[in-house]
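>>> Sequence unavailable; structure follows:
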């Protein structure tokens, strides 16, 4: 079990520089500034424009110009770290609560401070949904307050748990390879390939879900 979870240990490895895997994405940035854009660059610009349109709709009418950029940057950071973590011997930083909480908690805290400072009445109105009977109002306030407080935890745990689950499953299956019969080895290889494709899709979905939920939380405080 210790060997199984060693890939998620930040101090494991030869040089213990695992957290530097989060900075590998910086090597991709310089080619973005060439005069003639490449196909990769054009694809990335297309993704950014699509995300920008979607986040504009989610945030609503009270949008300040350029505030979708923070959510696009957040999506890019999580997506890049999720992809990099799929390569062998590279540490998956997003599988740690330290990383995911560091992204979720400051965002949620800034939304809450802004909302309660500038739109106190609106924030209080959010604690009681429309059409709630008067007798249930105290319970609804308690439930809504608790659900609001645990939002950053659920955001962080969702991202980390999804990244850990897939990686552990691939590690468990891969460790059975040496002891497996040669006739069954091709089944293991196909399963591992399918799992890798699944993990690729999970990497995209989880970064998108994290960003969209953060955007929705920000729209509630306006």
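That came through, no problem. Just so we're clear, the structure is a prediction, and the values are computed from it rather than from any experiment.

>>> From here on, just use CA atoms for contacts and neighbour counts.
Noted.

>>> So what touches stretch 90-98?
With contacts defined as C-alpha atoms under 8 Å, 6 or more residues apart in numbering, stretch 90-98 is touched by 7-8, 10, 18-19, 21-22, 78, 81-82, 84-86, 99-100, 156-157, 159-164.

>>> Same question for stretch 19-28.
Residues outside stretch 19-28 that contact it (C-alpha under 8 Å, 6+ apart) are 10, 80-81, 84, 90-93.

>>> try 7 Å this time
Residues outside stretch 19-28 that contact it (C-alpha atoms under 7 Å, 6 or more residues apart in numbering): 10, 80-81, 90-91, 93.

>>> Tell me the buried residues within the residues you listed.
With burial judged by 16 or more other C-alpha atoms under 10 Å, the buried subset of the contacts of stretch 19-28 is 80-81, 90-91, 93.

>>> would you turn those residues into a markdown table with pLDDT, secondary structure and distance to residue 213?
Rendered in a markdown table, the data for those read as follows (pLDDT from 0 to 100; DSSP: H, G, I helix; E, B strand; the rest coil; distance: C-alpha to C-alpha, whole Å):
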| residue | pLDDT | secondary structure | distance to residue 213 |
| --- | --- | --- | --- |
| 80 | 89 | helix | 19 |
| 81 | 89 | helix | 19 |
| 90 | 79 | coil | 28 |
| 91 | 80 | coil | 26 |
| 93 | 85 | helix | 20 |
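
>>> ok, back up a step: may I see the ChimeraX selection of the buried members of the contacts of stretch 90-98?
Buried subset of the contacts of stretch 90-98, written as a ChimeraX selection, criterion 16+ other C-alpha under 10 Å:
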select :7,8,18,21,22,78,81,82,84,85,86,99,100,156,157,159,160,162,163,164
